[in-house]
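Undergrad: Structural data only, the sequence is not supplied:
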């Protein structure tokens, strides 16, 4: 159960973080935030990132083997990175025009799958 909860919280965290980092670009594309000063964009992103931390911190606490969870720190980080890039790829390809997946992106994903394999290797 801790494995599933950790992964679901990491997915939630990364959805919020992707929007914190790149959502303002979509708002600008939609002409919603194009007149905002940089300071306002930063505050907007920080506001979204707050919710990222509300999921990320519990995910790491629940998932960390030092707290009775199933993952060591290296495993948690690699899982988080794979989730982060997966969420980013989905958001970018679905929400931004002109962003397409290419062969080298798939090659990079294959390397990430290899990273997950190796980090769990005993």
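TA: Here it is on my side, so go on. Keep in mind that what you see is a predicted model, and the values were worked out from it rather than measured. Residues are numbered from 1 along each chain as shown.
Undergrad: Run the chain-centre distance for stretch 14-28.
TA: 11 Å (C-alpha atoms, centre = their mean, to the nearest Å).
Undergrad: now do stretch 74-94
TA: Centre to centre, stretch against its chain (C-alpha atoms, centre = their mean), the figure for stretch 74-94 is 5 Å.
Undergrad: list the buried ones in it?
TA: Buried residues in stretch 74-94, defined by neighbour count with 16 or more other C-beta atoms under 10 Å: 75-76, 78-80, 82-85, 87-89, 91-92. For glycine as for every other residue, the C-beta is placed from the backbone atoms N, C-alpha and C.
Undergrad: Please apply the same query to stretch 27-47.
TA: 27, 33, 41, 44, 45.
Undergrad: The last one and residue 108: what is the separation?
TA: Separation of residue 45 from residue 108 (C-beta to C-beta, to the nearest Å) stands at 25 Å.
Undergrad: quick one, helices of the protein?
TA: All helices of the chain, identified by DSSP state H, fall at 2-29, 38-63, 73-95, 103-120.
Undergrad: which residues touch residue 20?
TA: 45, 46, 48, 49, 52 (C-beta atoms under 8 Å, 6 or more residues apart in numbering).
Undergrad: Check residue 45 too.
TA: Residue 45 touches 20, 21, 23, 24, counting by C-beta under 8 Å, 6+ apart.
Undergrad: Residue 119: which of those residues is nearest?
TA: Taking C-beta to C-beta as the measure, residue 119 sits nearest to residue 21 out of the contacts of residue 45, at 24.2 Å.
Undergrad: Share the number of residues neighbouring that closest one, please.
TA: Look at residue 21: counted by other C-beta atoms under 10 Å, it has 15 neighbours.
Undergrad: is it possible to export the contacts of residue 45 to TSV including distance to residue 104?
TA: TSV is the format used below for these (distance: C-beta to C-beta, whole Å):
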residue	distance to residue 104
20	26
21	22
23	25
24	27
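Undergrad: hmm, back to that, columns pLDDT on top of the buried residues of stretch 27-47, output as a markdown table?
TA: A markdown table is the format used below for the buried residues of stretch 27-47 (pLDDT from 0 to 100):
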| residue | pLDDT |
| --- | --- |
| 27 | 89 |
| 33 | 88 |
| 41 | 93 |
| 44 | 94 |
| 45 | 94 |
